[in-house]
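Chemist: please find the sequence and the predicted model below.
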Amino acid sequence: MVQQLTSTAMIVFWLYFAAMVGIGIYCMKYAKGFNEYMVGNRNLGPWYLGATFFATYMSSSVMIGNCGTAYTSGMSYMWNGAVQVLCVPFGIIFLFAGLSKASKQIGAVTVPGYLKARYLSKTPSAMLGVFMCIFLLPYLIGIVKGSANMISAVTGFSFANSVYLLLGVTALYAVVGGFMAGTVTDFFQALLMCFGATFVFVAALIQIGGMENVVNNLKEIDPILIDSPGTLGWNQLVGVTFVYGFAPWGLPQLVQKGFAMRDKRVIKPCIVVVAFLLLFILFTSNANGAFGRALYGDEFIGSQDNVFPVMVSRLLPEWAQGLVLAGVVAAAMSTLDSVVLVMAGAVANDIYKECINNNASDKTMLRISQTTVFVVFALLAVIVAGGVGQEITFLATFSHTMMASMCAAPLFGGMFWKKGNATGVVVGQLCGIGFALLWYAIGQPFCHFFFPAIIMSFVGYFVGSKFGKPLPEAYINELFPGGDRRKEFHWGVYNSKTKKEAVKAD
């Protein structure tokens, strides 16, 4: 049974909500037009870029979902965090320098918009815009479900009212403040998330009496909990680990952060910030699941998403409970605002303007974006409050696989291969999604459905490009000056000899 928050903890919790609304209102001045609403002033430094990337990626699916998955699977789930810390920063290294400058040069403020400009076709961008609205929803549903469970458990609010509270506050500052409101709040939310997971980690370790007791308790419950692959099996453990490690390279809500980067000199300090924060929260959140199993045994089998709320209410002092609850809500809000903003941009720019009204004004697109944000939050409230049966981790991995299978191939191909074209993008997108759904439907034989989805998306991209209509040669020469595949629009990945010159040229 989860103990409800005391008045002291509730005061801390409500102060957090008030601060988030205040930041949203303050950031209204940065959201006067559609471009500003989507990417701010395009001048993010390493701390803000690193924090907003981290906070957008590390949602409540990590603090609650990872804890629940580690509770059932055991200590082997620690591999999940190790791979993410090593792999996720490479996506920033490979893509952000090029995409930042490209978005400014061609005026792209959304990932579908970049695909349209890069491949000279509306079809890939329209397809991605539509599928983003479909396949990002499961991820958002999982985030809202986990956080609403937490709020409900420790405040005494009904689950439905917890959903409305979370979505209402997030929608308020996202609608009025746009990208900059999300970025500023993400900075503080990243710190709260790390604090929350670490506080529970320390309290649980003290309660158990050290790591030796953790191992001994788990071994008594079931020896498989201290071995790899644990109860997940190698298929699921490797699959989930690689989804979280490599899928971020193709997630539009993360890739779009690169559009707001100041310049490529931000990248090095940014990846240090991201790697440090990832290590901080992934180690603690995954370990919390193992600690919870060592503390409570099989009490929460079948309801493992409740493990983290229980640990908060049973192990922490009153004032800390409010801060940790705020940290969980922060994890949800930081991802919700960014993902919904990406969906809103796709609807306004890549579906409405490109396919319905080419002469749409900036003001009209801003209003459509804000309306879309409101509609998505309202839809989430109806769906989640009505009840969702799936675990948070499944919803997140499913959504990540779908998005990565549509975005990764055209993004990397656009940066490093001059023969890619719109046909290749469309074929790759259809192959990726098709094989993902097919492999999942037949029970994921041999491997997690992430692997066939990504492999076939790249195969479809290259094969489709071979048979598709080539882009104009003059345009290709602009993209790849001198035939250099490493540079697009005179930027991209620079070697050591040209790096200093490139920095001076900026």
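Modeler: That came through, no problem.

Chemist: could I get the full set of helices for the stretch 51-200 of the chain?
Modeler: 60, 67-73, 78-91, 97-106, 111-119, 122-135, 137-155, 159-208 (DSSP state H, counting those that start in this stretch).

Chemist: not counting the helix or strand harbouring Phe308 itself, show me its contacts.
Modeler: Here Phe308, judged by DSSP states H and E, is contained in helix 307-315. Residues outside helix 307-315 that contact it (C-beta atoms under 8 Å, 6 or more residues apart in numbering) are 2-5, 63-64, 67-68, 71, 149-150, 153-154, 200, 203-204, 207, 288-289, 291-292, 295-296, 300, 321, 324-325, 328. For every residue, glycine as well, the C-beta is placed using N, CA and C.

Chemist: 7 Å instead, please
Modeler: Helix 307-315 has contacts (C-beta atoms under 7 Å, 6 or more residues apart in numbering) with 2-3, 63-64, 67-68, 71, 149-150, 153-154, 200, 203-204, 207, 288-289, 292, 300, 321, 324-325.

Chemist: which among those residues count as buried?
Modeler: Neighbour-count burial (16 or more other C-beta atoms under 10 Å) applied to the contacts of helix 307-315 gives 2, 63-64, 67-68, 71, 149-150, 153-154, 200, 203-204, 288-289, 292, 300, 321, 324-325.

Chemist: OK, contacts around Pro384?
Modeler: One thing to correct before we go on: residue 384 is Val, not Pro. 141, 144-145, 148, 163.

Chemist: filter the residues you listed to the buried ones?
Modeler: Buried among the contacts of Val384 by 16+ other C-beta under 10 Å: 141, 144-145, 148, 163.

Chemist: ok, so of those, who is nearest Gly98?
Modeler: Set against Gly98, the nearest of the buried ones among the contacts of Val384 by C-beta to C-beta is Ile141 (32.6 Å).

Chemist: how far away is the closest one from Ala346?
Modeler: Applying C-beta to C-beta, to the nearest Å, the value for Ile141 to Ala346 is 18 Å.

Chemist: and what of Tyr26?
Modeler: 27 Å.

Chemist: neighbour-wise, which of the two wins?
Modeler: Ala346 (27 against 15; other C-beta atoms under 10 Å).

Chemist: export the helices of the stretch 51-200 of the chain to CSV and append columns for distance to Gly464 and mean pLDDT.
Modeler: What follows is the helices of the stretch 51-200 of the chain, written out as CSV (distance: least, C-beta to C-beta, whole Å; pLDDT from 0 to 100):
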stretch, distance to Gly464, mean pLDDT
helix 60, 38, 67
helix 67-73, 36, 87
helix 78-91, 24, 84
helix 97-106, 22, 73
helix 111-119, 11, 86
helix 122-135, 11, 86
helix 137-155, 27, 79
helix 159-208, 33, 79
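
Chemist: what's the closest of these to Ile267?
Modeler: Among these, helix 97-106 sits nearest to Ile267 (C-beta to C-beta), with 6.0 Å.

Chemist: return the alpha-carbon coordinates of that closest one using CSV.
Modeler: Output of helix 97-106 as CSV, limited to C-alpha atoms (Å, rounded to 0.1, in the frame of the first residue of the first chain):
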residue,chain,number,x,y,z
ALA,A,97,26.3,19.6,-36.7
GLY,A,98,24.9,19.0,-40.1
LEU,A,99,21.2,19.2,-39.2
SER,A,100,21.7,22.4,-37.3
LYS,A,101,23.2,24.3,-40.2
ALA,A,102,20.9,22.6,-42.7
SER,A,103,17.7,23.7,-40.9
LYS,A,104,18.9,27.3,-40.8
GLN,A,105,20.0,27.3,-44.4
ILE,A,106,16.9,25.8,-45.9
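
Chemist: show me what that helix is packed up against.
Modeler: Packing partners of helix 97-106 (3 or more C-beta pairs under 7 Å, 6 or more residues apart in numbering; DSSP states H and E): helix 111-119, strand 491-492.
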